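Undergrad: Prediction below, plus the sequence it came from.
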Amino acid sequence: MPQSNGPRTGRRDDSFRKIALNRKMQRLPTPRSIMKTPSDTVLKPSTGITVSRLTSSNPPETRMDQVATEEPLEIRIEGKSLAVLMRTPGSDRELAAGFLCSEGLVSSPDAIRDITRCAPDSGEPSPDAIHVHLDPEVRFDWDRVQRHTFASSSCGLCGKATIESVRQTFPPIHSHLAVSRSVLNSLPAHLRRNQATFEQTGGLHAAGLFDSNGALRALFEDVGRHNAVDKLIGSLFLRRELPLGDAILLLSGRVSFEVMQKALSAGIPLVAAISAPTSLAIAFAEASGQTLVGFLRDDRMNVYTRPERIR
């Protein structure tokens, strides 16, 4: 009996990402065609479209609306393709740096000499490709990229093996951070007030970094929650402000293992989310010495690991 072609599940097909990238780019440049340009001047985080608004009783209404922009970004290391990320344009330099840091591919901002836009033969900088220039003394471990097993809820690895593989790169956290319940309860409203693009589109995740008194230190938005976290980490990595042993990371959605791994790479001891964590995220937080809070809303919260940091 022939098998049916059911819906695809799991990780997005890499070929789809390559097709999306090729639609936006001409021939990929050689290292000699690199041009330094500002990172956030080419594409906008929201896109205007025409929609038909329907209700149960009124006639259709045609109007303009804003939706979150989603575009591919290729990260290249010394002229060689490393990854293609589907992201919301903006803070692309920070995204690239955060990706390299949180995946354990670079350990210091000194390893990065510059981050620039790629330019095809036309000479115009591409909005969809960014080039990371490493210090000449740095030897990038491409074998590590091939062995790389962090990420994705569909990678097929057992939870214990996955956690151990990450802990070989990032040590557990030992932090004396203490946060009051009232401060934590105040953070979701603070995050929401500062989500400028979400206010326009209703379609972006946010990652906000707060201190123990509830002051906002940084906030980034993206269609991918992991991208929002990488942008945040990358901004602090480039400013040499890691590790963040006294900080709180707040997410607008759920918490996955991948996000907890990224938080660990930045030394963040407390991760809170407005929605739920996954089972592997909880196991990872416990093993890594991180406090994990979920369902932070309406003056209540669930504390899954290390509750002693919350008073």
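TA: Right, received. Where do you want to start?
Undergrad: So for residue 190, what's the nearest residue that isn't a sequence neighbour?
TA: Leaving aside its chain neighbours, residue 190 sits nearest to residue 216 (6.0 Å; criterion: CB to CB, 6 or more residues apart in numbering). For glycine as for every other residue, the C-beta is placed from the backbone atoms N, C-alpha and C.
Undergrad: Adjacent strands (with direction) for the helix or strand residue 117 falls within?
TA: Using DSSP states H and E, residue 117 sits in strand 112-118. Its sheet considered, strand 112-118 pairs with strand 34-35 (antiparallel), strand 129-134 (antiparallel) by DSSP bridges.
Undergrad: pretty sure residue 265 contacts residue 101?
TA: Yes: counting by CB atoms under 8 Å, residue 265 touches residue 101, with 6.0 Å between them.
Undergrad: So for these two, which residues contact both of them?
TA: Common neighbours of residue 265 and residue 101, using CB atoms under 8 Å, 6 or more residues apart in numbering, are residue 233.
Undergrad: Where do the strands of the stretch 51-200 of the chain begin and end?
TA: For the stretch 51-200 of the chain, the strands defined by DSSP state E, counting those that start in this stretch occupy 61-68, 71-77, 80-87, 112-118, 129-134.
Undergrad: now the angle from the fourth one to strand 71-77?
TA: I take that to be strand 112-118. Calculated by axes from the mean of the first three to the mean of the last three CA atoms, to 10 degrees, strand 112-118 forms an angle of 140 degrees with strand 71-77.
Undergrad: Could you pull up the mean pLDDT of strand 112-118?
TA: Averaged across strand 112-118, the pLDDT comes to 89.
Undergrad: Give me the most central residue, this structure.
TA: The residue lying closest to the centre of the chain (CA atoms, centre = their mean) is residue 227, at 2.0 Å.
Undergrad: I figured that one was touching residue 89, is that so?
TA: No: counting by CB under 8 Å, residue 227 stays clear of residue 89, with 10.8 Å between them.
Undergrad: Now for residue 58, how many residues are close by?
TA: 8 (other CB atoms under 10 Å).
Undergrad: cool, the one 4 residues further on as well?
TA: Burial of residue 62 is recorded as 8 neighbouring residues (other CB under 10 Å).
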